[in-house]
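Asks: The sequence and its predicted three-dimensional model are supplied below.
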Amino acid sequence: MRDAIREYLAAAGDQIRWDRARPALLAELEDHLLCEAEAAVEAGLSEEEARAEAVRQMGDPVTVGQELDRVHRPKPQWGLLGLTLAVALAVTVLRVELTRDWWVQDGIFWGNDSGRCYLALFLGTALMLAGHVMDYTGLAKMGKALFPAGLFLGFLLLPNYAVPSSPLAEPAIYYVTHIFHLVMPLCYGGWLYAWRKGGRKGLLLSLLPLPALPFIMYTSHHGYTLGAGSFLLLPAVCIVMLLVLTWKDWYGLGRVRSRLLAAGLALFCGGAFLYFTTLLSPAHSLSAALHPALYADTYGYQATIVRQVLSGARWLGPADWTPPSAFPGDWTGRTDYWFVMPCAGNSFFLTTVLQSLGWLPYLLLAGGFVFLALWLLVKGLRQKNVLGRITALAVALPLLLETLFGIATSLGLIWFPVPFPLVGGNCILAVQMGLIGLALSVFRQETLPVTDKKGKPLFLFRPDQKLTI
Amino acid sequence: MKLDKSLLSGSTALLVLKLLEDRDKYGYQMTEELRRRSDKTFELKSGTLYPLLHTLEQKGFITAREETAEGARPRRYYHLTDTGRKQLAEKEAAWRTYADAMVKVLGGGGSYA
């Protein structure tokens, strides 16, 4: 005779359409049935009778399954999908319209190529929707492979020493560098997940590869094309992810020791940052950022120009500002706004908006980006599922930091210029939208109990599993 | 005496929240306690209980956590949140007003409270 409990669970499971929800829901029903059966055995029934009685007590499996199916359905993230598409569309239209008379140099998109911009937006939307329905838990399965593979490719393809023999030609190297910078936090998230409860060894293995990231970005052929902050932003995001997890005793070292370690790590990174910004790189010192005029003939020239633009900016309409005939440090003699402001279509994109359209469009666009990044980040931090939290953080943190640095840059506080998010007008935009889609797939499945608090998968029920009382 | 199910409709959530008021419980524990506290008048079928628990969790009235005791099956415990506690107080007050009025109308003369 077939086991009544297994039959019951199979019948209830047939009604639950969401594959990923089914095992966790059936596990809870299974526990309930086994409790009922145990009570019936204590009351004097045989095992077989007890199981039949437990099933009778539970009610119709089809109704139970249908009700659970109604509650547990993937929840499409229309709000965040819509907002991402809206800001990406706004940026694409603005980029096309505001850079009509710009140019393409070395195959890198600096100026107007409306067809390519809209194609990138179309591809980005498709990738975002695809990411949104993907199963992000694949990151756990590939955790140990993705990050080392990313580092290997980074060392092989990106640094200056690799470029002469690189199989990649320009502008592919530029695109790959940018994509590397966007995707590596996610790979690092998978790596961190792989070393959960790994003790000291796990912590060491999480920490050791970190310096490789700034090294690759610093020595990369396009590190500075992306913006000086790119080699800082990538490790910063990874360190924040590591700190968040260490603080919560990710490695099983004990709560106090973990928190002390996290605090120590934060202090060390803060110290390294101060050392970098005061001694190693005066161009990135706070003094140069706050008082660019003192360094106007060297690394303060961009901030000086931005502040001139700001002083002439209007609420609505083009800024009352004419590029001066000569800039200190202008080595070309050209005085076009976009030429003296490298990456005006990227790191300085918001300044371009301010200069051409005024404060109101600037505030709307910057506000949209901050809102999107914060919405993603807060939802990510609220995630109960650890892997989901890591995935969302790996996408939301770079987006937020790029937005904040972009706003600071556009206000003449140029400390670490980084690429402004979603402004690529090329495959980078598509990749970034795909990553946002992947983060949204986490929230789409957020009601699911996937792991217990020790990170152990909750997929208890297997159809072939023998159930014992 | 056979009780009409419709008497309970709309109050199941109140019962479930009330069961979690004093301490966290798992599903089976809740059905047993309800059976005991209602002198076997209320039988909560799992087909009602689990979808309801999961809906209340989505609304933020309760949270769930997994616990595995030594050698035992992993189990899902439910906990009443502060929002859930407020909701319980509101529903309980509304129910008492309703029950009090019913008793008066039916001529019991006494007060439910």
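Replies: Here it is on my side, so go on. Nothing here was measured: the structure is a model prediction, and the numbers come from that model.
Asks: And stretch A:210-221, what's buried?
Replies: Buried residues in stretch A:210-221, defined by neighbour count with 16 or more other C-beta atoms under 10 Å in any protein chain shown: A:210, A:212-217, A:219-221. The C-beta positions use only the backbone N, C-alpha and C, and glycine is treated the same way.
Asks: That one: how far from the chain's middle?
Replies: Stretch A:210-221 sits 19 Å away from the centroid of its parent chain (C-alpha atoms, centre = their mean, to the nearest Å).
Asks: Can you tell me what sits against it?
Replies: Here stretch A:210-221 makes contact (C-beta atoms under 8 Å, 6 or more residues apart in numbering or on different chains) with A:151, A:154-155, A:158-161, A:163, A:173, A:177, A:180-181, A:184, A:188, A:223, A:226, A:230-232, A:234-235, A:238-239, A:242.
Asks: same thing with stretch A:134-147?
Replies: Counting by C-beta under 8 Å, 6+ apart, A:20, A:184, A:186-194, A:209, A:387-388, A:390-391, A:437-438, A:441-442, A:445, A:450 sit against stretch A:134-147.
Asks: quick one, helices of the stretch 51-200 of chain A?
Replies: A:61-71, A:78-98, A:114-132, A:138-141, A:143-157, A:172-194, A:199-207 (DSSP state H, counting those that start in this stretch).
Asks: show me what contacts the residue nearest the centre of chain A?
Replies: Nearest to the geometric centre of chain A sits A:V395, at 0.7 Å (C-alpha atoms, centre = their mean). By C-beta under 8 Å, 6+ apart, A:V395 lies in contact with A:185-186, A:376, A:380, A:435-436, A:438-439.
Asks: And those residues, which is closest to A:Q355?
Replies: Each of the contacts of A:V395 was checked against A:Q355 using C-beta to C-beta; the closest is A:I436, at 27.8 Å.
Asks: Are we agreed that the closest one is in a strand?
Replies: No: membership of A:I436 in a strand is not supported by DSSP: H, G, I helix; E, B strand; the rest coil, which gives helix.
Asks: which residues does it contact?
Replies: By C-beta under 8 Å, 6+ apart, A:I436 lies in contact with A:80, A:84, A:128, A:131, A:376, A:395, A:399.
Asks: Next one: the residue nearest to the second one when sequence neighbours are not counted from A:V87, what distance?
Replies: For A:T84, the nearest residue in space outside its immediate sequence neighbours is A:I436; the separation is 5.2 Å by C-beta to C-beta, 6 or more residues apart in numbering or on different chains. As defined by C-beta to C-beta, to the nearest Å, A:I436 lies at a distance of 10 Å from A:V87.
Asks: now the helices: where do they sit in chain B?
Replies: Under the criterion DSSP state H, chain B contains helices at B:12-19, B:27-37, B:46-58, B:82-106.
Asks: got the angle for the shortest one vs helix B:27-37?
Replies: Pointing back at helix B:12-19 there. Relative orientation of helix B:12-19 and helix B:27-37, computed by axes from the mean of the first three to the mean of the last three C-alpha atoms, to 10 degrees: 90 degrees.
Asks: Mind checking if helix B:12-19 is in reach of chain A?
Replies: No: judged by C-beta under 8 Å from any C-beta of the partner chain, helix B:12-19 stays clear of chain A, getting no closer than 12.3 Å.
Asks: Give me the mean pLDDT for that helix.
Replies: The average pLDDT for helix B:12-19 rounds to 91.
Asks: now swap in stretch A:149-169 and tell me
Replies: For stretch A:149-169, the per-residue pLDDT averages 83.
Asks: again, but for stretch B:42-57
Replies: 85.
Asks: likewise stretch A:235-250?
Replies: In this model, stretch A:235-250 carries a mean pLDDT of 87.
Asks: ditto for stretch A:310-326
Replies: Summarised as a single mean, pLDDT over stretch A:310-326 is 82.
Asks: Tell me the buried residues in it?
Replies: For stretch A:310-326, burial by neighbour count (16+ other C-beta under 10 Å) applies to A:310, A:313, A:319, A:321, A:323.
Asks: Give me the distance from that stretch to the chain's centre.
Replies: On C-alpha atoms, centre = their mean, the centre of stretch A:310-326 falls 35 Å from that of its chain.
Asks: can you check stretch A:375-388 too?
Replies: Centre to centre, stretch against its chain (C-alpha atoms, centre = their mean), the figure for stretch A:375-388 is 11 Å.
Asks: what's the span of that stretch from first residue to last?
Replies: Using C-alpha to C-alpha, to the nearest Å, the end-to-end distance of stretch A:375-388 comes out at 15 Å.
Asks: Understood, closing this out.
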